[in-house]
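Enquirer: Here you go, sequence then predicted model.
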Amino acid sequence: MSPRERIICALDVPSADVALRHVERLREHVGVFKVGLELLMAEGPSVVPRLQAAGAKKIFLDVKLHDIPNTVVGAVRKLACLGVWAITLHTFGGSKMLEAAYQAALEAAQEAQREPPLLLGVTVLTSLSPTVLKQELRIDEPMEELVVHLARLAFQSGCGGVVASPQELVALRAAFPDPSHLFITPGVRPALRMADDQARTLTPAEAVRRGASYLVIGRPILTAQNPVEAAQRIAEEIQGALEES
Ligand SMILES: O=c1ccn([C@@H]2O[C@H](COP(=O)(O)O)[C@@H](O)[C@H]2O)c(=O)[nH]1
């Protein structure tokens, strides 16, 4: 995989028109475009074929499904027909929900004669700090142990990868050394860039050194004065980190 292919650009924008402009500008500079709740709520799933037609070859639907198994199965059956690269589910939905989603994705994709999407289990949101986890949510397990536990649940239930902060990557790679396990990390911030609402962040280089498969990056690219240059700089940083290893 080339450095740019490891960049997942989060299209957190209010309309298809804005998203399409970003895709046209960035499609040669990032590997995947992520459609999240904002764009999906604004445009519905029909935005996916429009982005594909504009040159977004790999689309990641970050819907973070979290409900009872029957409800999640219904949603996955629809989304799996869109020909997207990946779909996210919250591991907090538990193994029954994750396993049912996995079966539904396989069946629906087969019926639609599409490649089945990769299912990605979201562990602990990168906006949550260890203090919030303990004091607000009353989860006593240390962050790293909890993330590794949730990742195990995800992999055992059919997920091909997990979403976690770059700060947990060393523990994750130690627990799951098989390179087929994918680690997708949001909470990536170039040096000197503010963290925004992210609580557990690292730089692109550090995320790659610690074993990230893909980096999810939204605002540091989209709000840059020159988004293409911002994506290129991140790709160069990734390249540098890969050359060290
Ligand atoms: O734990 C998570 C899971 C998903 N995200 C998503 O990633 C991007 C990050 O965007 P930035 O602008 O680079 O902060 C965003 O779409 C989130 O919904 C996450 O941040 N953390």
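Expert: Yes, it's here. Numbers count the residues shown, from 1 in each chain.
Enquirer: Could you pull out the buried residues of the host helix or strand of Gln103?
Expert: Following DSSP states H and E, one finds Gln103 within helix 94-111. If you call a residue buried by 16 or more other C-beta atoms under 10 Å, then helix 94-111 has these buried ones: Met97, Leu98, Ala100, Ala101, Tyr102, Ala104, Ala105, Leu106, Ala108, Ala109. No exception for glycine: its C-beta is placed from N, CA and C like everyone else's.
Enquirer: and if you look at stretch 63-74?
Expert: Under 16+ other C-beta under 10 Å, the buried positions of stretch 63-74 are Val63, Lys64, Leu65, His66, Pro69, Val72, Val73.
Enquirer: hang on, the earlier thing: return the helix holding Gln103 as PDB; C-alpha atoms alone will do.
Expert: Extracted in PDB, the C-alpha atoms of helix 94-111 (Å, rounded to 0.1, in the frame of the first residue of the first chain):
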ATOM      1  CA  GLY A  94     -22.100  -7.000  21.800                       C
ATOM      2  CA  SER A  95     -21.100 -10.200  20.000                       C
ATOM      3  CA  LYS A  96     -24.700 -11.200  19.000                       C
ATOM      4  CA  MET A  97     -25.100  -7.900  17.200                       C
ATOM      5  CA  LEU A  98     -21.700  -8.000  15.500                       C
ATOM      6  CA  GLU A  99     -22.100 -11.700  14.400                       C
ATOM      7  CA  ALA A 100     -25.600 -11.000  13.000                       C
ATOM      8  CA  ALA A 101     -24.300  -8.000  11.100                       C
ATOM      9  CA  TYR A 102     -21.500 -10.100   9.700                       C
ATOM     10  CA  GLN A 103     -23.800 -12.800   8.400                       C
ATOM     11  CA  ALA A 104     -26.200 -10.100   7.000                       C
ATOM     12  CA  ALA A 105     -23.400  -8.300   5.200                       C
ATOM     13  CA  LEU A 106     -22.200 -11.600   3.500                       C
ATOM     14  CA  GLU A 107     -25.700 -12.600   2.500                       C
ATOM     15  CA  ALA A 108     -26.800  -9.200   1.200                       C
ATOM     16  CA  ALA A 109     -23.600  -8.600  -0.800                       C
ATOM     17  CA  GLN A 110     -23.900 -12.100  -2.300                       C
ATOM     18  CA  GLU A 111     -27.500 -11.500  -3.400                       C
END
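Enquirer: Just the closest residue of the protein to the ligand, please.
Expert: Nearest to the ligand, among the residues of the chain, is Gly218, at 2.8 Å (C-beta to the nearest ligand atom).
Enquirer: Now that residue, what are its backbone angles?
Expert: phi -110, psi -90 (degrees, to the nearest 10).
Enquirer: Give the pairing partners of the lengthiest strand in the chain; include direction for each.
Expert: For the chain, the strand with the greatest residue count under DSSP state E is strand 59-65. Taking DSSP bridges as the criterion, strand 59-65 sits next to strand 32-35 (parallel), strand 86-90 (parallel) in its sheet.
Enquirer: helix or strand right after that strand?
Expert: helix 69-79.
Enquirer: Show me how far that following helix is from its chain's centre.
Expert: With C-alpha atoms, centre = their mean, to the nearest Å as the basis, helix 69-79 stands 19 Å off its chain's centre.
Enquirer: Show me what that helix is packed against.
Expert: Counting contacts by 3 or more C-beta pairs under 8 Å, 6 or more residues apart in numbering; DSSP states H and E, helix 69-79 is packed against strand 59-65, strand 86-90, helix 94-111.
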